[in-house]
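[1] here is the input, now give the coordinates:
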Amino acid sequence: MKQTSLGSGFELSSKRTRKREFLEEMERVVPWAELVALVQFHQSVKGHGRPSFAIETMLRIHFLQQWFNLSDPAMEEALYDTPLFSHFAQLDAGMSRLP
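    Numbers count the residues shown, from 1 in each chain. Alright, predicted model coming up:
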């Protein structure tokens, strides 16, 4: 039996699913840097409350919600349960605090 690696978190399956192909295409075609530049001006001032997440991470999560029709609670659960989504959102595996 082949042992799975746990050293760097859960490894993503290599199976080419429609979701995986869609997210890989979105990774290529969405101008992430330009979108971050557009909304960066509206980010709240640091130092008030909990540290904020990166703008790009929040944008990616927002897009995932729209593309897969997920509510806020469903998106949070999907980020915990679906490694493909958390990888796309650029979240570290095993994070205890999610946006």
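
[2] would you tell me which helix is longest in this protein?
    helix 55-68 (DSSP state H).

[3] which residue is nearest the centroid of this structure?
    Compute the mean C-alpha point of the chain, and by C-alpha atoms, centre = their mean the closest residue is residue 89, 1.4 Å away.

[4] surely it meets residue 79?
    Yes - look at residue 89 against residue 79 with C-beta atoms under 8 Å: they come within range, at 6.5 Å. The way it works is simple: take the backbone N, C-alpha and C, and place the C-beta from them, glycine included.

[5] give me the common contacts of the two.
    residue 61 (C-beta atoms under 8 Å, 6 or more residues apart in numbering).

[6] tell me how far the longest helix of the chain is from the chain's mean position?
    How far helix 55-68 lies from its chain's middle: 7 Å, per C-alpha atoms, centre = their mean, to the nearest Å.

[7] tell me how far the helix or strand just after it lies from the chain's centre.
    Downstream of helix 55-68, the first helix or strand assigned by DSSP states H and E is helix 72-81. Here helix 72-81 is found 10 Å from its chain centre; the criterion is C-alpha atoms, centre = their mean.

[8] any idea of the angle the helix or strand in which residue 21 is found forms with helix 55-68?
    According to DSSP H and E, residue 21 maps onto helix 18-29. Counting by axes from the mean of the first three to the mean of the last three C-alpha atoms, to 10 degrees, helix 18-29 points 130 degrees away from the direction of helix 55-68.

[9] what's in contact with helix 18-29?
    Residues outside helix 18-29 that contact it (C-beta under 8 Å, 6+ apart): 63, 67, 84, 88.

[10] the third one belongs to a helix?
    Yes - the assignment for residue 84 is a helix, going by DSSP: H, G, I helix; E, B strand; the rest coil.
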